[in-house]
Each structure stands twice: as structure tokens, then as C-alpha cells.
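1. Sharing a model prediction with you, sequence too.
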Amino acid sequence: MIQTICCIGAGYVGGPTMAVIADRCPQIQVTVVDLNQARIDAWNDPDLSQLPVYEPGLDAVVGRCRGRNLHFSTAVDAAIAAADMVFLSVNTPTKTKGIGAGQASDLRWIEASARQVAAAARGHTIVVEKSTLPVRTAAVIRTILEAAEGDTPSGRKSFDVLSNPEFLAEGTAIGDLEAPDRVLIGGEQPAAIEALAQIYGHWVPAERILRTNVWSSELSKLTANAFLAQRISSINSIAALCEATEADVREVARAIGADSRIGSKFLKAGPGFGGSCFQKDILNLVYLCRHYGLSEVAAYWESVVNLNAWQQHRISALLVQRLFGTVTSKRIAVLGFAFKADTNDTRETPAIRICGDLLEEGAQLAIYDPKVSAAQIAADLGTSEGWQMVDAPLAAAQGADAVLVLTEWQQFAQLDWRPLAAVMRQPAWLFDARAICDAVAARAAGLKVWRVGEG
Ligand code: NAD
Ligand code: UGA
């Protein structure tokens, strides 16, 4: 029976995942550790609105458990030593240099944390891969851990390795964790598998806890993200065709989604997928396929990423074209910078590429996002020139030639277009890359309207 858990990595996954485990298993002590002192301080902030991750409902869960059986700390070794089970939830970004640069996952943080577990663990420890990893990473982790196994002054040291990928989506993390479609556990040792299954069993129905071998589990995570991203590229490709043919992508999505074999979810056309994982995980899959000599399979999945980049450039290009072929010195109001609604995360957000293109064309951007900070946007755009942060859509629209909606924040659906149109320079445009705004009201307010996927 697991009594003490350590999670290495207090990020978007480690924080919320462990908070829900602590909430549902009050008898287990859970410590989330990180090297980043500022991040740990934010997790410990008495003001729950200052948590480093914004997720609806997360503050309530943390508020219930923190200090009781949920702890955030930088004392990594001590937390590992005390734990029966250690989750590895560190970042695994795409490599930027060396072999596999631009495609393969950078495993330096996974290796470093595995080595730290090997050194600091005591007794028997179950090590759980929570990070998304290339297939066969568990073999690497096992090799590192095995080298440390054996008798030590504090007793015999031994390890089991499990794969337990995380499927939560940002913005709905708490709901996804509390009622997952499935929990996946890949492993070899039945006792270790059952120990982890028992933890989830406190709130997840038994039939939703799937057990596979380690490699299937690792590969299922990459495959799930590849399939999800592929649906978005598929619908975005059809959106472009709809715009050329007077079809409407939302009608097409409804019609095809009614087929139970296709299903209705994940068929929203937009500015392309963002987020830290889809692109990274597909490129990782592409790299693995090439490594195993499967070049056609690699090319197939790579096209999903290529189409996504194309969609983003397509949107900035059509905006320039509608604004008479130039946006130099024109003010453009950008509503939304996060990669999706209900998160403050901007990793790989479509806004980076689209705003980057517009800045390149000489536009002056007025950016509004309810959760993203100006400092984050400056870091993402790599410049503090050519744009400013404003605190409301109306302020963004002041003197603008166009409003460009890039994130589907619910408040944009309720915007009153009359006051915005009144302060814009005419003729003025609404470019709605999420099809979230009330287009009828915007047109009635005198705006020209472009909506993604509308012919
Ligand atoms: P993140 O960057 O938000 O958090 C990772 C944390 O690990 C960082 O705070 C970093 O300081 C810490 N860290 C790195 N090395 C460490 C070490 N040796 N010791 C202690 N701390 C260390 O990343 P994330 O978004 O939480 O993603 C983590 C993993 O989960 C990735 O593999 C990702 O692909 C996967 N994943 C992410 C999501 C998501 O929605 N973000 C969903 C499912 C899976
Ligand atoms: C995604 C997956 O949904 C999770 O299952 C997975 O755990 C996670 O990646 C991960 O591995 O990190 P996330 O990126 O947080 O979660 O959010 P999604 O809801 O999947 O959205 C991803 C991107 O696709 C966003 O930019 C979103 O706006 C876009 N999207 C999504 C669309 O353009 N259309 C859709 O119909 C759905």
C-alpha cells in the first residue's frame, strides 16, 4: 500500500495531477518537488489566485489539501527518500541542438531526475513515468535505476518502473483528472501495477483503468495526441476549402460529426493547434518513425504539423490582403493570446506565429488577453517593439483597422460590437479565427467580417 508519493516537476501536469490524487486519497502524503524555487513559492502562496498554473477549480482543490497531505518543496532528495512511489513529471521539450534537433524529445531532465531518484531513494520505490516520452524510454530509466540497486547502509534498494501517461487538457484539467475517460498503466510487475491502480481506484471506475505493456503505454500517449492533432489539421484543411466554395465548416463538422464512427468532438476549425504538446509529440513520433526506417509513416504524420503552420500563415496573409495589401503602421486589435481559452499557457500558441507575421509586416498590435501577462507576450514574441498590452477589448479597438480574435475566451462571444466599431478606423474588420463572436451583431455594427471556414 502506497503511503507516500513524491512527484518531480511542479508544472502544468505535476501540480494539478498531484493535487487531485491528494484530494481523493487523504491517507497518502503527496509532495511535489521542483528545482524552480519561484514556482514552488507560487504553489505555496497563501493567496490561491497566485498559483503558477491557472486552471478552473484548481484553487479549491489545492486549498482543501495543501498543508494537510499535499506539499510543495524544493527539497528533492528528502522527498524522494521518503517516497514509496515517485512520479517523473518533468518537461520533455523538442531538442533544439544536436542529433534529432527540431524533432526528437530532449530527455536531459528525465535522465537527471531518474539519476536523482537512483541516488536518493530508499527501500523499494515504484518510479512512474508521467511525462510524455518516446517509446522505450522506460528501458533507459530502468538501466539507470538498476545500476543503483542493491544493499545500502539504509537497507536494500530496489525499483519498479511504470508508464502512466497523462491525458488531461489544459483549461479542463481538474474535470479531466476527476473523471478521466481512461487511466493507462503500462508495466511488467503486477504488484507495482496494482499499487498504482489502487490509487486511481479511489475515484476512477475499475473498467476505466487500462493495463498494457510499457511500450504500448508510452506509444499510446504519442498516438492519442497525434490523432487529436490530425483531426484539427483535417478540419482546418476543409475550412480553407469551405472559404473557397461557400460551404460552411461548422455545417460540415456537424454533418460529419453525426456519424458515430467519426464523432463530433475536436472538429472546431481555428487558427491551428497550439499548446506545449501536440507539435512536440508528433515531431517525436516522426523522429521515431525515421529512426525505425518508416519514412512514409514519418511523412504522413509530419504533414499534420505542416498543415498547422500553413493555416497560421494563411490567416495572417489573408488579413494583410483584406486590409488592402498592407498593414504597415496600421493598428490591429488582437483579442486572446493564450493557446486556448481558460488557461494562461502560451506555449506554441498560434498567436506567436500570426502576431509575428503581422509585426514583420509593420503592423502595430494592441493585444488583450484576460490571463496572459505582458512579460510573457514579450518573451514569446521576442520583442517589446510594435505591440502594446491593453486591459480591455475596447481599448484594443481604439483607432484599429481590424480586430483579430485568436483565443476562444467566452467573453469574446458576448462582446457588444457597437462601441468597438464606433472607435475603430473605417472601413473596419473583424477577423474571427475562432468563429466565437456574434458575427450578425458585428455586421450590424458596421464591421466587415471574416470567419474561419465560412464561404
Ligand atoms: P512544465 O514545464 O510546466 O513543468 C515541468 C517542471 O519540471 C518544471 O517546473 C521544471 O522546473 C521541473 N523540473 C525539470 N527537471 C527537474 C529536476 N531534475 N528536478 C526537479 N524539477 C525538475 O511541464 P508540463 O506541462 O507539466 O509537462 C510535463 C510533462 O507532461 C511533459 O512531458 C509533457 O509532454 C507532459 N504532458 C503535459 C500536458 C499539459 O497539458 N501541459 C498534458 C499531458 C502530458
Ligand atoms: C492536449 C490533449 O487534448 C490532451 O489529451 C493531452 O494530455 C495534452 O494535449 C498534452 O499531452 O499536453 P491541450 O493541448 O491542453 O491538451 O488542449 P486541447 O484542448 O487538446 O487543445 C489543443 C489545441 O488545439 C488548442 O490550441 C486548441 O485551441 C486547438 N483545438 C482543439 C482546435 O483548434 N480545435 C478543436 O476542435 C480542438
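-> That came through fine. Ligands and ions are numbered 1, 2, ... in the order given.
2. contacts, neighbours, all on C-alpha from now
-> Fine.
3. Ignoring the adjacent residues along the chain, who's closest to residue 283?
-> Among residues not flanking residue 283 along the chain, residue 103 sits closest, at 4.7 Å (C-alpha to C-alpha, 6 or more residues apart in numbering).
4. which residues touch that neighbour?
-> Residue 103 sits next to 94-95, 280, 283-284, 286-287 when contact means C-alpha atoms under 8 Å, 6 or more residues apart in numbering.
5. just the residues you listed now: which is nearest residue 450?
-> Here the nearest of these to residue 450, counting by C-alpha to C-alpha, is residue 280; it sits at 30.4 Å.
6. now what about the helix or strand hosting that closest one, what contacts it?
-> Using DSSP states H and E, residue 280 maps to helix 278-291. By C-alpha under 8 Å, 6+ apart, the surrounding residues in contact with helix 278-291 are 93-94, 100, 102-105, 132, 134, 222, 225-226, 229, 295, 297-299, 301-302, 305.
7. in it, what counts as buried?
-> 278-289 (16 or more other C-alpha atoms under 10 Å).
8. Close to ligand 2: what parts of the stretch 301-450 of the chain are there?
-> Contacts of the stretch 301-450 of the chain with ligand 2, taken as C-alpha under 6 Å from any ligand atom, map to 339-340.
9. so where do the strands sit in the stretch 301-450 of the chain?
-> 331-335, 364-368, 387-389, 402-405, 429-432, 448-451 (DSSP state E, counting those that start in this stretch).
10. my guess is residue 101 meets residue 95, correct?
-> Yes: counting by C-alpha atoms under 8 Å, residue 101 touches residue 95, with 4.8 Å between them.
11. Mind checking which of those two has more residues around it?
-> Using other C-alpha atoms under 10 Å as the criterion, residue 101 and residue 95 rank with residue 95 on top: 18 against 13.
12. residues contacting the residue of the stretch 251-400 of the chain found nearest ligand 1?
-> In the stretch 251-400 of the chain, the residue that lies nearest ligand 1 is residue 277 (5.3 Å; C-alpha to the nearest ligand atom). Residue 277 sits next to residue 225 when contact means C-alpha under 8 Å, 6+ apart.
13. Now do the phi/psi pair for it.
-> phi -110, psi -40 (degrees, to the nearest 10).
14. Report the separation between the spatially most distant residue from the centre of the chain and residue 123.
-> Centroid-distance maximum for the chain: residue 153 at 42.6 Å, with C-alpha atoms, centre = their mean. Per C-alpha to C-alpha, to the nearest Å, residue 153 is found 11 Å from residue 123.
15. Off-centre distance for stretch 204-217?
-> Chain-centre distance of stretch 204-217: 22 Å, with C-alpha atoms, centre = their mean, to the nearest Å.
16. Next, count neighbours for residue 138.
-> Close neighbours of residue 138, defined as other C-alpha under 10 Å, add up to 22.
17. And for the one 10 residues further on?
-> The burial metric for residue 148, expressed as a neighbour count using other C-alpha under 10 Å, is 18.
18. now stretch 42-61: mean pLDDT?
-> In this model, stretch 42-61 has a mean pLDDT of 96.
19. Give me every residue in the chain lying close to ligand 1.
-> So far as C-alpha under 6 Å from any ligand atom goes, the chain lies against ligand 1 at 8-14, 33-36, 89-92, 109, 112-113, 131-132, 166-170, 277.
20. Separate out the buried members of those residues.
-> Neighbour counting with 16+ other C-alpha under 10 Å marks 8-14, 33-34, 89-92, 109, 113, 131-132, 166-168, 170, 277 as buried within the residues of the chain next to ligand 1.
21. So which of those residues belong to strands?
-> Taking DSSP state E, the ones among these that sit in strands are 8, 33.
22. filter the buried ones among the residues of the chain next to ligand 1 down to the ones close to ligand 2.
-> Of those, the ones that also sit near ligand 2 (C-alpha under 6 Å from any ligand atom) are 166-168, 170, 277.
23. Next, format those residues as CSV and append pLDDT and distance to residue 434.
-> Formatted as CSV, those follow (pLDDT from 0 to 100; distance: C-alpha to C-alpha, whole Å):
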residue, pLDDT, distance to residue 434
166, 98, 27
167, 98, 24
168, 98, 22
170, 93, 17
277, 95, 20
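24. hmm, stretch 261-271 touching ligand 2?
-> Yes: applying C-alpha under 6 Å from any ligand atom, one finds that stretch 261-271 is in contact with ligand 2 at 266-270.
25. And the buried ones among those residues, selectable in ChimeraX?
-> Those of the residues of stretch 261-271 next to ligand 2 that count as buried under 16+ other C-alpha under 10 Å are selected in ChimeraX with:
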select :267,268,269,270
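26. Can you lay out the residues of stretch 261-271 next to ligand 2 as CSV showing pLDDT and secondary structure?
-> Formatted as CSV, the residues of stretch 261-271 next to ligand 2 follow (pLDDT from 0 to 100; DSSP: H, G, I helix; E, B strand; the rest coil):
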residue, pLDDT, secondary structure
266, 98, coil
267, 98, coil
268, 98, coil
269, 98, coil
270, 98, coil
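27. Select the longest strand from the protein.
-> Per DSSP E, the chain has its longest strand at strand 155-163.
28. which residues sit against that strand?
-> Contact with strand 155-163 is made by 121-130, 138, 141-142, 145-146, 148-151, 184-189, 192-193, 214, 217-218, as judged by C-alpha under 8 Å, 6+ apart.
29. The next helix-or-strand element following it packs against which elements?
-> Moving toward the C-terminus from strand 155-163, the next helix or strand (DSSP H and E) is helix 173-178. When contacts are defined as 3 or more C-alpha pairs under 8 Å, 6 or more residues apart in numbering; DSSP states H and E, helix 173-178 packs onto helix 14-24.
30. do you know how far residue 376 is from residue 344?
-> 9 Å.
31. now swap in residue 325 and tell me
-> Counting by C-alpha to C-alpha - residue 325 and residue 344 are separated by 33 Å.
32. which one of the two has more residues nearby?
-> For residue 325 and residue 344, the more surrounded residue by other C-alpha under 10 Å is residue 344, and the numbers stand at 22 against 11.
33. got the contact list for that one?
-> Taking C-alpha under 8 Å, 6+ apart, one finds 53-54, 338, 371-372 in contact with residue 344.
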